[in-house]
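[1] Have a look at this prediction, sequence included:
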Amino acid sequence: MIAILLVCFREADTGLAINFFSRYKNYKKVAILNNASLYQSEAINFSGWQIVNGSNKNNEFSGWQEGLESIKEQPLKGVVFANDTIIAHHSLPVITIQSAAIKMSIFLFRDFYPLLVGKIGKFNNGSVNNLNHILIEKWVSTHFFYMNLKLLKRLDFIINNSSITENYVCKGFSSNFFFSKDVSNDLANHIDKWLFRDGWYNSQRLSASNFKFFRSKAIAILNEKVLSGICIMKGAKLIDSDLIGIARIVRYILRLYKRK
């Protein structure tokens with residue numbers, strides 16, 4: 001059995017994601033609701049989905065962990081992880097290519113290797129960073145990724161490492177620093193650019209009023225990097241769901257089209 005764990009928060013985004021995953025036939029579908037108001041939604045059809053109450057303690061990572069706990073005793077072959085922004089904030093052609101790559105990897109590799117499939121990112125200068133003795137050189141983007149059972153077992157079914165990553169983001173607002181001194185300049189600058197300098201659709205200047213929100217997002221981004229680092233340490237084979245750059249080309253063409 002292959003399962004889909006979809007973390008849900010916003011109603012409109014969740015509706016788009018639920019519709020997208022309806023094309024995944026014969027998959028176990030689990031929706032983790034990180035927003036209690038979704039239980040009363042009349043706009044979303046959760047028919048065929050197992051519903052898990054999400055704590056939203058650590059954004060999507062606590063949700064995925066809670067969803068994983070609910071199914072890990074079942075006869076799993078692997079798990080597709082996604083959050084509700086998968087369609088709302090990513091182009092459908094690119095996500096369709098990444099979806100095909102995940103399905104292809106499931107078929108080709110099955111359980112031969114501990115497998116992690118998703119869009120692979122790297123630092124622009126090719127640096128390798130160390131966080132809590134975990135090397136971070138490349139990572140799989142966690143908006144949409146897949147792990148097979150062999151990798152999940154090597155991880156002891158633990159994908160939420162917030163107990164580690166929350167120690168590297170300052171607990172109180174300061175205009176002078178955001179990360180602890182143990183976070184390398186390359187890693188800190190990478191996340192700083194994403195969160196505060198137009199890298200992300202919701203980028204804003206850090207302030208006392210939004211500090212709590214952005215601290216939570218920074219912890220989630222560090223979780224993403226640390227998770228891939230741990231997977232590599234556990235012998236995982238990383239497969240890029242951009243299919244040898246096809247999705248990158250599509251993404252570039254779409255950007256050109258939007259500029260017209």
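    Happy to help now that I have it. Numbers count the residues shown, from 1 in each chain.

[2] I'd like the next helix or strand past the helix of greatest length in the chain.
    The single longest helix within the chain, with elements called by DSSP state H, is helix 211-233. Sequence order places strand 237-240 as the next helix or strand after helix 211-233, per DSSP states H and E.

[3] List the neighbouring strands of that following strand plus their orientation.
    strand 115-122 (parallel) (DSSP bridges).

[4] From Leu227, how far off is Arg215?
    To Leu227, Arg215 is 19 Å away according to Cβ to Cβ, to the nearest Å. Where C-beta positions appear, they are placed from N, C-alpha and C, glycine not excepted.

[5] Show me which of these two is the more surrounded one.
    Leu227 (25 against 19; other Cβ atoms under 10 Å).

[6] and the nearest residue to the more buried one once chain neighbours are set aside, what helix or strand is that in?
    Among residues not flanking Leu227 along the chain, Ile159 sits closest, at 5.9 Å (Cβ to Cβ, 6 or more residues apart in numbering). Under the criterion DSSP H and E, no helix or strand holds Ile159.

[7] Please verify my assumption that Ile159 contacts Leu68.
    Yes: with contact defined as Cβ atoms under 8 Å, Ile159 and Leu68 form a contacting pair (6.7 Å).

[8] So which bits of the helix or strand where Pro93 lies are buried?
    Under the criterion of DSSP H and E, Pro93 resides in helix 92-109. Judged by neighbour count (16 or more other Cβ atoms under 10 Å), helix 92-109 contains these buried residues: 94-95, 97-99, 101-103, 105-106, 109.

[9] so which of those residues comes closest to Asn124?
    Val94 (20.4 Å; Cβ to Cβ).

[10] how much space between the closest one and Gly199?
    17 Å.

[11] list the contacts for Ala188?
    Listed by Cβ atoms under 8 Å, 6 or more residues apart in numbering, the contact set of Ala188 reads 178-179.

[12] I'd like to know how far it sits from Glu224.
    15 Å.

[13] cool, and Asn58?
    From Asn58 to Glu224 the distance is 12 Å (Cβ to Cβ).

[14] Name the spans of the stretch 101-250 of the chain whose pLDDT lies under the cut-off.
    175-176, 243-250 (pLDDT under 70).

[15] picking that back up, in terms of secondary structure, what does the helix holding Pro93 contact?
    Contact partners of helix 92-109 among helices and strands, from 3 or more Cβ pairs under 8 Å, 6 or more residues apart in numbering; DSSP states H and E: strand 115-122, strand 138-148, strand 237-240, helix 246-259.

[16] How is this structure divided into domains?
    2-161+235-259, 165-218 (automatic domain parsing).

[17] Go through those and pick out the most buried.
    domain 2-161+235-259 (a mean of 18; mean count of other Cβ atoms under 10 Å).

[18] Tell me where the stretch 1-150 of the chain has strands.
    2-8, 28-33, 50-53, 78-83, 115-122, 129-131, 134-136, 138-148 (DSSP state E, counting those that start in this stretch).

[19] Please enumerate residues in contact with the third one?
    I take that to be strand 50-53. 28-33, 39, 63, 66-67, 70-71.

[20] related to what we said a few turns ago, other SSEs contacting the longest helix of the chain?
    Helix 211-233 packs on helix 59-71, strand 129-131, strand 134-136, strand 138-148, helix 162-165, helix 185-196, strand 237-240, going by 3+ Cβ pairs under 8 Å, 6+ apart.

[21] circling back: report the separation between the residue nearest to Leu227 and Phe179.
    22 Å.

[22] for Ser163, same thing?
    Where Phe179 is concerned, Ser163 sits at a distance of 17 Å (Cβ to Cβ).

[23] Tell me who's in contact with Asn34.
    Contacts of Asn34 (Cβ under 8 Å, 6+ apart): 7-9, 54-56, 59-60, 63.

[24] what's the answer for Ile102, then?
    Contacts of Ile102 by Cβ under 8 Å, 6+ apart are 80, 117-118, 144-146, 241.
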